[in-house]
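> show me how the following folds:
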Amino acid sequence: MDVPLRSIHVVAGVIVDARGRILLTRRTEGRDMAGLWEFPGGKREPGESSTDALIRELREELGIEVEVGGILIEVPQRYPDKRLRLEVRAIPRWKGAPRGREGQALTWVAPDRLTRYSMPPADLPVVAVLRQPDRYLVTPPPADADAWLQGLRAALAAGITRIQLRAPGVAPDVWSALAADAVALCRAAGAEVLVNRDIALAARLGAGVHLGSEQLATLDARPLPAGMPVGASCHTAEELAGAQALGCDFAVLGPLNPTASHPGEAGIGWERFAALREQVSLPLYAIGGLSPADIAHARAQGAQGIAAIRSLWPA
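Next up is the predicted model:
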């Protein structure tokens, strides 16, 4: 008989100094995952609210008084001996000089350097939330090239900064030229751009690539060098594990709901999404009938944000 894993609810805070650096603390010897860096916080006790727990923990651990802000992300994570829910809150204001009152080391880190620090799996999606966008646009088929490029310009002007170029059914030579124009537009706007499935085209254009789920099993190494983004579409735990092992920067998981682009395909729902989320530390976008109004709920299930076609493409 399987013994149920104990469940732990941890609340952590993102503390930012006047220089925009983020505070990390190092797990002390004798604790699980000793030596790894994490966002400061601790366990929520029975009957204690998340806000009260974080105020208490940061007072005890760092000697500071804090104002607790909104939820940035809640990460469900499964470990061999426990199931963890890491609730991460913004700390808009705080008083005092942080110090390691329990013997732990502290360091202030610029956001673009967070990935250099070894962290527990549950903290990695938090780093992604602080550094990566919460919206991932998947372009619709380009029925008319000029109108499609104009739609892309409008999406960039609206603040979209991560885009997957997708054109099912378009002739390869036509798509190659159109994709080159699209990559140039995205690059000029400072947006990150990925080409759907075509690794060779992505490399030729200097873009990232978004892998289909069936491609994951055919690759034994990351298809593009570090610095060129690699994403993947996933539907199962096995595909997520494959994407993580391959070194993908993020994955898209779904569909959450039935969609017009995948008629007849049942949605997995948020409960299943969260269950899959806890098995990997990879940043995950939820996809399938979602809009920007769903981002807060998606974050509460451990998602980086939402990926979408229609709700992110200008009408």
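
> tell me the pLDDT at Gly227?
On the pLDDT scale, Gly227 is placed at 90.

> please apply the same query to the one 5 residues further on.
Confidence per residue is given as pLDDT, and for Ala232 that number is 99.

> also the one 4 residues further on?
Here, the pLDDT recorded for Thr236 equals 96.

> please point out which parts of the top helix by length along the chain sit buried.
Looking only at the chain and at elements set by DSSP state H, the helix with the highest residue count is helix 172-189. Using 16 or more other CB atoms under 10 Å as the burial criterion, the residues of helix 172-189 that qualify are Trp175, Ser176, Leu178, Ala179, Ala182, Val183, Leu185, Cys186, Ala189. In this view, the C-beta of every residue, glycine as well, is placed from N, C-alpha and C.

> over to stretch 119-130?
Counting neighbours by 16+ other CB under 10 Å, one finds that the buried residues in stretch 119-130 are Met119, Pro120, Pro121, Ala122, Asp123, Leu124, Pro125, Val126, Val127, Ala128, Val129, Leu130.

> related to what we said a few turns ago, quick check, distance from the longest helix of the chain to the centre of its chain.
Centre-to-centre, helix 172-189 and its host chain are 26 Å apart (CA atoms, centre = their mean, to the nearest Å).

> what's that helix packed up against?
Using 3 or more CB pairs under 8 Å, 6 or more residues apart in numbering; DSSP states H and E as the contact criterion, the neighbours of helix 172-189 among helices and strands are helix 145-157, strand 162-165, strand 192-196, helix 199-205.

> what are the contacting residues of the third one?
Read that as strand 192-196. 133, 138, 161-167, 179, 182-183, 186-187, 201-202, 205, 207-210, 212, 229-231 (CB atoms under 8 Å, 6 or more residues apart in numbering).

> now stretch 232-243
210-213, 215-217, 246, 248, 250-254, 268, 276, 279-280, 282, 284.

> in the sheet, who's paired with Arg26?
Going by DSSP bridges, Arg26 is paired in beta bridges with Trp37.

> pull the number of nearby residues for it.
Other residues within reach of Arg26 by the criterion other CB atoms under 10 Å amount to 18.

> before we move on, the earlier item: quick one: the longest helix of the chain to helix 145-157, angle?
Here helix 172-189 points in a direction 30 degrees away from that of helix 145-157 (axes from the mean of the first three to the mean of the last three CA atoms, to 10 degrees).

> who's in contact with Leu58?
Gly13, Ile15, Pro40, Gly41, Ile64, Val66, Ile91, Trp94.

> need those in a markdown table with neighbour count and distance to Arg101, can you?
What follows is the contacts of Leu58, written out as a markdown table (neighbours: other CB atoms under 10 Å; distance: CB to CB, whole Å):
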| residue | neighbour count | distance to Arg101 |
| --- | --- | --- |
| Gly13 | 25 | 15 |
| Ile15 | 23 | 15 |
| Pro40 | 23 | 11 |
| Gly41 | 24 | 14 |
| Ile64 | 20 | 10 |
| Val66 | 22 | 14 |
| Ile91 | 21 | 17 |
| Trp94 | 18 | 15 |
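
> now, the most widely separated pair of these?
Gly41 and Trp94 (13.1 Å; CB to CB).

> sorry, back to before: inside helices: which ones of the buried residues of stretch 119-130?
Judged by DSSP H, the buried residues of stretch 119-130 include Leu124, Pro125, Val126, Val127, Ala128, Val129, Leu130 as members of helices.

> name the nearest of the residues you listed relative to Gln104.
Within those, the smallest distance to Gln104 is 17.9 Å, found for Val126 (CB to CB).

> show me the contacts for that closest one.
With contacts defined as CB under 8 Å, 6+ apart, Val126 is in contact with Ala12, Val14, Phe39, Leu72, Ile73, Val75, Leu86, Val88.

> tell me which of those fall in strands.
In strands, defined here by DSSP state E, the members of the contacts of Val126 are Ala12, Val14, Leu72, Ile73, Val75, Leu86, Val88.

> quick check: which element contains Glu60?
Taking DSSP states H and E as the criterion, Glu60 maps to helix 50-62.

> list the buried ones in stretch 21-29?
Arg21, Ile22, Leu23, Leu24, Thr25, Arg26, Arg27.

> dump that stretch to CSV, restricted to CA.
Extracted as CSV, the C-alpha positions of stretch 21-29 are listed here (Å, rounded to 0.1, in the frame of the first residue of the first chain):
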residue,chain,number,x,y,z
ARG,A,21,18.4,43.3,-6.6
ILE,A,22,16.5,40.3,-5.1
LEU,A,23,17.3,38.7,-1.8
LEU,A,24,18.2,35.0,-1.7
THR,A,25,19.1,33.0,1.4
ARG,A,26,21.2,29.8,1.5
ARG,A,27,19.8,26.6,3.1
THR,A,28,22.0,25.7,6.1
GLU,A,29,23.7,22.4,6.8
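
> pLDDT (mean, whole number) over it?
pLDDT averaged over stretch 21-29 equals 96, rounded to a whole number.
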